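Novice: Coordinates for the following, if possible.
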Amino acid sequence: QVQLVESGGGLVQAGGSLRLSCAASGRSVSTYVIAWFRQAPGKEREFVARITGGGGSTDYADSVKGRFTISRDNAKNTVYLRMNSLKPEDTAVYYCAARMGWSGSLRTIYEYAYWGQGTQVTVSS
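Specialist: This next block holds a predicted model:
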């Protein structure tokens, strides 16, 4: 089992950047697929990005492709989400999630067994 704790959220102006961290304890992040999801008020939780264990292949939602980068530091047992060129529509609570194995789309909340508590990102216009 793995425990996940997100940090790094905050208030930023449009066009700015933030780096979110997802610190894992219990097992190595290299064992898991780690994903970031986000949930805006009144909306469903949506996929943002994911990185697999081992080779570290990545996938991004179209809405963030080219602006966000997911990465992993095995030594720190942490996954990061670097967010550049932020837009007001990126405002949401951001969650990291983990699962073992990499079958399926890896883009739905139902595929992930472990979740962090979330960190708020607010982008002002």
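Novice: CA atoms for contacts and neighbours, from now on please.
Specialist: OK.
Novice: For Ser124, which non-adjacent residue is closest in space?
Specialist: Gln13 (4.8 Å; C-alpha to C-alpha, 6 or more residues apart in numbering).
Novice: Would you mark the buried spots in the one helix or strand Val5 maps to?
Specialist: According to DSSP states H and E, Val5 maps onto strand 3-7. Neighbour-count burial for strand 3-7 flags 4-7 (criterion: 16 or more other C-alpha atoms under 10 Å).
Novice: so how far is Gln120 from the residue nearest to Ser124?
Specialist: Here Gln13 is placed at a distance of 14 Å from Gln120 (C-alpha to C-alpha, to the nearest Å).
Novice: so how far is stretch 96-112 from its chain's centroid?
Specialist: Chain-centre distance of stretch 96-112: 12 Å, with C-alpha atoms, centre = their mean, to the nearest Å.
Novice: same check, this time on stretch 47-58
Specialist: The mean C-alpha position of stretch 47-58 is separated from the chain mean by 10 Å, C-alpha atoms, centre = their mean.
Novice: sorry, back to before: quick one: which of Gln13 and Gln120 has more around it?
Specialist: The neighbour comparison of Gln13 against Gln120 (other C-alpha atoms under 10 Å) goes to Gln120, with 19 against 14.
Novice: Now do the strands in this structure.
Specialist: 3-7, 10-13, 18-25, 33-39, 46-51, 58-60, 68-73, 78-83, 92-99, 114-115, 119-124 (DSSP state E).
Novice: and the closest residue to Ala98 other than its chain neighbours, what pLDDT?
Specialist: Distances taken as C-alpha to C-alpha, 6+ apart put Ile34 closest to Ala98, at 4.6 Å, once the chain neighbours are dropped. We note a pLDDT of 96 for Ile34 in this prediction.
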